[in-house]
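Student: 3D model of this:
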Amino acid sequence: MTPFLIAAWHREDSGAVGLIRRLKTLLASDPSRWTIASEQADHLIAVPDGGRFTIEGNPRFPTLLIGDVFFREQSAGEAASLPGIGRFKAYCEHLTAERWGAYLAVAPGISGRLQIFRDPVGMRDCATWTAAGIRFVASDPVPWLYLTAPDGLAVEWQLAAGILARPSAVLETSPLTGIETVPAGTLVEFDGRELRATRLWHPRQFCSSARDNQNDLTEFRITIAQCVDTWIERYPNSMVELSGGFDSAVVAAAGKGRHPRCGINFFTADLSGDERRYARVVANHVGMPLHEMFMPVATLSEDDLRGMPIGLRPGLGSTTLFHDRRLSEVAAQVGTDALLTGQGGDAIFFQHPTPLIAGEPQFPRFNARAHARLAQWCETSIWTTARHAFGRSIEREMSRPDEAMRQFPLALPASNAPLDWAGDLSGLTPAKRLQVEAIAGDRAAFGPSWRSQAMTVVHPLLSQPLIEKVLGIDVFKLTEGRRDRALARRAVSCLLPDAITRRAGKGALTQFFGRSLAGSTSFLQAYLLDGELAAHGVFDRTRLEPMLDRDFLMQFDCYGKILSALVMERWAREWRDRLAAIGQLTRQPAFAKN
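Tutor: Purely as a prediction, here's the structure:
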């Protein structure tokens, strides 16, 4: 996916012009070799050599489309029908309706004016800031901040605590002062320091029961296949991470005559962590080689975190630590330049057993067998399902922190990390709200990781057409009120072996993580109790210390919390050093105070 750097300024601002001159020198000296895609006296747009972009309109006032952009099948070849480039809002509405992908649309104006539109899913990160009268927009601001840091750049520790309390919101939050996240699916207009944002796409508009009547198995299968096939066509030299589960199997097998070049499976010594049997079934079915990589129980040390890619935000979407770096190494050895994953499938196909499904419009409220099947799946009583079907559902409070992090020992009051992508969900059923929030959280997979540093990482199940399709399907229909991914299993049954579509469970790495972390207590205690987060009051040391005890780690499943804390601590230490270096260069304060 194509990185980008955009700058807009007033042509008569001599200070801005001088900084742009230095920035162009930096671009020219960068070993990744950047190309100036568009340049005028008041704007500059750069992408790396070989980056994907198109220019539409006249050279003085161009519209650039940067990244991976695909036509929907029914509108392929209709580029001639695009709205006039002078009507950028209409152009962006056209993009949301007729195209999809991982992209940014840019329309520079005069005197530093700038309009941008980020793809509705937010597959490509996008941040913005101002310095010396220049408006900057970049997929990754880090390489440029040593020259273009905004005034007062510092860590916002309350926002950092908010991300730990609600890690699903990490993609929406910038924990640095002076740098903002450009929201997905939103037209943003910059005029100097003023910013106007207009939401053009939001999930709620697709959550209509009228749309559900138009869905059937064939359409569902076609949408899945088109999304997977399109990404494989774009990145043919790709590898798929075959976990042994349903979602990654769909990515491996659903393409229309196209499949990834090879698969990779990681397994542990525990029976629950060894999914090779199912990964082999899929690989043999597709006819692709499978690389099997053993993950031994190992202790963590600071060496395992050193060199971790650190961006604007911590990479909480890839917190295994144990295989992320190794996966990038294997890809280099095999010679693939892209990785496809099944991430997002839990939310897209709906994995979560919940009695909230009884409140869906299509649930047969007066069918006792339907209540019994749902209750059995959710391991609850039919009285609970009946309460949701006939009474007022006890909805999950969607604004509260993620359940897995509610008891995390945070000392600093956490600023509410937003879930702006989900938008206003009032009026939706509780189960549909749960699905939208889950999709919003799964977008954390777009964050930085070792594998995304080494190759292009694509999550086809989080593609816009598939998200729109499932949002319009009643959750009872997605699950049939009896099992996870029920509709998806039937839709792709002709594409996958029965061993995958009919499988009742899946493996787990609980024992592996428990043993690995339990053997790392000395490192965990030193790294977290004496780290930056504790020093700035984010952690409550008194409550955190017992969680880092060997016996505690072997008994309680808090591994996601601990791994997120390690990634966040590594992020904080890296930014401590970066801000110190930036402060020396620009004479700005190096680090924020509480």
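
Student: Skip the chain neighbours and tell me the closest residue to the residue nearest to the spatial centre of the chain.
Tutor: By CA atoms, centre = their mean, the mean C-alpha position of the chain lies nearest to residue 443, the distance being 2.6 Å. Nearest in space to residue 443, with sequence neighbours left out and distances taken as CB to CB, 6 or more residues apart in numbering, is residue 171 at 5.1 Å. (C-beta placed from N, C-alpha, C; glycine too.)

Student: now swap in residue 451 and tell me
Tutor: In space, residue 451 is closest to residue 328, 4.6 Å off (CB to CB, 6+ apart).

Student: Can you show me the strands along the stretch 101-250 of the chain?
Tutor: 114-118, 127-131, 134-138, 180-181, 186-191, 194-199, 238-241 (DSSP state E, counting those that start in this stretch).

Student: Could you give the number of residues near the residue nearest to residue 451?
Tutor: 19 (other CB atoms under 10 Å).

Student: swap in the one 4 residues further on?
Tutor: One way to gauge burial is a neighbour count; for residue 332, by other CB under 10 Å, it gives 12.

Student: By mean pLDDT, which helix or strand of this protein comes out lowest?
Tutor: Using mean pLDDT, DSSP states H and E, helix 209-212 stands out as the lowest-scoring helix or strand of the chain, at a mean of 55.

Student: one step back: go ahead and confirm the residue nearest to the centre of the chain touches residue 124.
Tutor: No - counting by CB atoms under 8 Å, residue 443 sits too far from residue 124 to count as a contact (11.4 Å).

Student: quick one: low-confidence parts of the stretch 151-300 of the chain?
Tutor: 193, 209-215 (pLDDT under 70).

Student: Would you map the helices across it?
Tutor: Using DSSP state H, counting those that start in this stretch, the helices of the stretch 151-300 of the chain run over 157-165, 209-212, 217-234, 246-253, 276-286.

Student: where are the low-confidence patches of this protein?
Tutor: For the chain (pLDDT under 70), the answer is 31, 59-60, 74-86, 193, 209-215, 318-320, 392-408, 412-418, 586-594.

Student: Where do the domain boundaries of it fall?
Tutor: Domain assignment for the chain by automatic domain parsing gives 5-201, 205-297+313-351+439-501, 510-586.

Student: Name the nearest residue to residue 471, sequence neighbours excluded.
Tutor: That would be residue 206: by CB to CB, 6+ apart, it lies 4.0 Å from residue 471.

Student: picking that back up, residues contacting the residue nearest to residue 443?
Tutor: Counting by CB atoms under 8 Å, 6 or more residues apart in numbering, residue 171 touches 122, 125, 181, 313, 317, 421, 443-444, 446-447.

Student: want to throw these into TSV with distance to residue 97?
Tutor: Output for the contacts of residue 171, formatted as TSV (distance: CB to CB, whole Å):
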residue	distance to residue 97
122	18
125	24
181	24
313	30
317	28
421	19
443	21
444	27
446	23
447	28
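
Student: Looking at these, which are in strands?
Tutor: residue 181 (DSSP state E).

Student: What is the nearest of the contacts of residue 171 to residue 13?
Tutor: residue 181 (25.8 Å; CB to CB).

Student: quick one: contacts for the spatially closest residue to the closest one that is not a sequence neighbour?
Tutor: Of all residues not flanking residue 181 in the chain, residue 174 sits nearest, at 5.0 Å (CB to CB, 6+ apart). Residue 174 makes contact with 127, 159, 180-181, 312-313 under the criterion CB under 8 Å, 6+ apart.

Student: go again using 7 Å as the cut-off
Tutor: Residues near residue 174 by CB atoms under 7 Å, 6 or more residues apart in numbering: 127, 180-181, 312.

Student: Considering those, which possesses the most neighbours?
Tutor: Going by other CB under 10 Å, residue 312 tops these with 24 neighbours.

Student: Next, the contact list for it, please.
Tutor: Residues in contact with residue 312 (CB under 7 Å, 6+ apart) are 127, 141-142, 174, 176, 179.

Student: ok, now residue 316?
Tutor: 167, 170, 444, 447, 564, 567.

Student: How about residue 445?
Tutor: 317, 343-344, 459.

Student: Quick check: the farthest pair among those residues?
Tutor: 317 and 344 (10.5 Å).

Student: Which of the domains of the chain has the highest mean neighbour count?
Tutor: Ranked by mean neighbour count, the domains of the chain are led by domain 205-297+313-351+439-501 with a mean of 20 (mean count of other CB atoms under 10 Å).

Student: Any idea how far apart the tips of that domain sit?
Tutor: Taking CA to CA, to the nearest Å, the first and last residues of domain 205-297+313-351+439-501 lie 31 Å apart.

Student: and residue 3, which of the three is it?
Tutor: With DSSP: H, G, I helix; E, B strand; the rest coil as the basis, the three-state label of residue 3 is coil.
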